[in-house]
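Q: I would like to see how this sequence folds:
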Amino acid sequence: MKNDLRSLVSDNARTLMRCAHCGAELIDTATGMTCSGCAAHYRRLGTAVDLRLTSRKNVDLRCAVGEELDLTGIEFGPLELKVDPATSGRAWHLAPELLSHLPRATSAGQTMLDLGCGKGMHRGLVSDLGYDWVGMDYSEEGAPILGDAHALPFADQSFDFVMSLAVLEHLRNPLVAMQECFRVMKPGAALIGTVAFMEPFHGNSYYHHSHLGTLSSLLSAGFRVTHVAPTLQWSVLQAQAEMAFFPRMPSVLRRAVIMPLLWAQQAWWSLATRLGKVSDPSLRIRQSAGSFAFIAYR
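A: Numbers count the residues shown, from 1 in each chain. This next block holds a predicted model:
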C-alpha cells in the first residue's frame with residue numbers, strides 16, 4: 001500500500017474533506033492530515049483516514065418550539081416497490097421497497113456519502129447508481145474514512161446523496177447529526193435511511209425513533225420529508241425474537257415460534273376494525289414496526 005492518502009480515499013473525496021473542529025482545509029502530512037486553521041492533526045490509521053474529533057467540541061442547536069408538527073404531504077404507509085431491475089437482488093439486508101427508491105446520479109462526478117458504511121458493502125451498489133462512493137464510519141475496520149456523525153469532516157454542500165442505515169439510534173445527539181447531514185448536502189440532495197423503533201436495545205443504541213420522532217428529527221434540521229415508512233419485513237415480534245428472545249436460533253425455528261402470533265395479530269385487527277373497535281387499521285403496522293425507513297430532501 002502506498003504511504004500517501006491518495007491510496008486510501010478517492011481524489012474527489014479528498015477535495016471534500018475538512019477539519020471536524022473548525023471546518024478549515026486539511027494539509028497532507030507524512031503521518032496523516034493537519035488542519036490549516038486550528039492545527040488539529042488527524043492520523044492515518046491502517047487503511048483509514050482518521051478524521052474523528054481529537055478533543056471536545058461544543059455545537060449550537062436551534063429548534064423551533066410552540067408549534068404543531070406539520071404532517072402535510074408526508075406518507076406514513078409502507079413504501080411502494082418501484083420496478084428497478086438494475087438494483088434488484090443487491091444488498092440483501094435492504095428491503096426491496098427501500099432499495100427501489102434509491103436515486104440515480106443524474107450526471108458524472110456526483111458524490112454519495114455512506115454514513116455508517118461499515119466495511120463498505122454498499123460500494124458496488126452505489127457505483128452502479130452512478131455515484132462516487134464516500135464511506136465513513138466511526139470505528140469499523142474497513143471504512144476508508146473514520147469520522148463522527150455529530151461533526152462531519154466535510155465541506156458545506158458536498159454531497160448529492162446521503163444514505164444512513166441503522167445509524168441514528170446509535171447517536172447520542174441525533175438532532176445534531178441531522179443538522180450536520182443537512183449542512184454537507186447540496187440543495188435538492190436526497191437523504192435516505194432507516195432507524196430502529198421497536199427493536200431491543202443493542203450495541204450502544206440511545207434513541208429508538210417512532211414515526212413522529214423520526215419526522216421531528218428530520219424537520220428540525222430543515223429537511224423536506226416525503227416518507228416515514230414502517231419496515232414490513234421487520235416487525236417488533238421479528239426484531240425481539242431475533243435480537244433478544246431467541247438469538248442465534250435457526251431462522252426456521254424462530255419463524256415457527258412467532259408466525260402464530262403474527263397471524264393472531266392480523267386476525268384480531270381485522271375483526272376489531274369490522275366491529276368498530278379500531279378506527280385506523282394502519283396503526284397496526286406503525287405501532288408494531290421494528291424500524292422505520294425515511295426519505296427526505298435538502
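
Q: so where's this protein shaky on pLDDT?
A: The chain contains residues with pLDDT under 70 at 1-8, 84-92.

Q: Can you get me the centre-to-centre distance for the top strand by length along it and its chain?
A: As assigned by DSSP state E, the longest strand anywhere in the chain is strand 185-196. Distance, stretch centre to chain centre, for strand 185-196: 8 Å (Cα atoms, centre = their mean, to the nearest Å).

Q: Give the pairing partners of it; include direction for each.
A: Looking at strand 185-196 with DSSP bridges, its partner strands are strand 159-165 (parallel), strand 291-297 (antiparallel).

Q: List just the one of the ones you listed that sits closest to residue 66.
A: Closest to residue 66 of the strands paired with strand 185-196, according to Cβ to Cβ: strand 291-297, at 23.1 Å. Any C-beta I mention is one placed from the backbone N, CA and C, and that applies to glycine too.

Q: For that closest one, report the contacting residues that lie outside it.
A: With Cβ atoms under 8 Å, 6 or more residues apart in numbering as the contact definition, strand 291-297 has outside contacts at 79, 95, 97-98, 101, 166, 188-199, 209-211, 214-215, 218, 223-231, 234, 239.

Q: Which residue lies nearest the spatial centre of the protein?
A: With distances taken as Cα atoms, centre = their mean, the residue of the chain nearest its centroid is residue 164 (1.7 Å).

Q: Residue 281: how many residues sit nearby?
A: Residues within reach of residue 281, counting by other Cβ atoms under 10 Å, total 12.

Q: got it, and the one 4 residues further on?
A: Neighbourhood size, residue 285 [other Cβ under 10 Å]: 17.

Q: elements contacting the helix or strand containing it?
A: Assigned by DSSP states H and E, residue 285 belongs to helix 283-287. Counting contacts by 3 or more Cβ pairs under 8 Å, 6 or more residues apart in numbering; DSSP states H and E, helix 283-287 is packed against helix 251-274.

Q: Return the distance of the nearest residue to residue 187 once chain neighbours are set aside relative to residue 201.
A: Of all residues not flanking residue 187 in the chain, residue 298 sits nearest, at 5.8 Å (Cβ to Cβ, 6 or more residues apart in numbering). According to Cβ to Cβ, to the nearest Å, residue 298 and residue 201 sit 31 Å apart.

Q: neighbour-wise, which of those two wins?
A: Set residue 298 next to residue 201 and count neighbours by other Cβ under 10 Å: residue 298 wins out with 20 against 12.

Q: The more buried one contacts residue 183, correct?
A: No - here residue 298 lies out of contact with residue 183, judged by Cβ atoms under 8 Å, at a distance of 9.2 Å.

Q: Report the buried residues of stretch 52-63.
A: 52-54 (16 or more other Cβ atoms under 10 Å).

Q: what about it, distance to the chain center?
A: That offset, for stretch 52-63, works out to 20 Å (Cα atoms, centre = their mean).

Q: domains of the protein?
A: 5-46, 96-235+285-297 (automatic domain parsing).

Q: Same list, those, but as JSON lines with distance to residue 270 please.
A: Converted to JSON lines, the domains of the chain look like this (distance: least, Cβ to Cβ, whole Å):
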{"stretch": "domain 5-46", "distance to residue 270": "51"}
{"stretch": "domain 96-235+285-297", "distance to residue 270": "13"}
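
Q: could the strands paired with strand 185-196 be laid out in a markdown table, adding distance to residue 111?
A: Formatted as a markdown table, these follow (distance: least, Cβ to Cβ, whole Å):
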| stretch | distance to residue 111 |
| --- | --- |
| strand 159-165 | 5 |
| strand 291-297 | 16 |
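
Q: Tell me how many other residues crowd residue 48.
A: Residue 48, neighbours per other Cβ under 10 Å, totals 22.

Q: dump the residue contacts of the closest residue to it other than its chain neighbours.
A: Excluding the flanking residues, the one nearest residue 48 by Cβ to Cβ, 6+ apart is residue 146, at 5.1 Å. By Cβ under 8 Å, 6+ apart, the contact set of residue 146 is 45, 48-52, 136-139.
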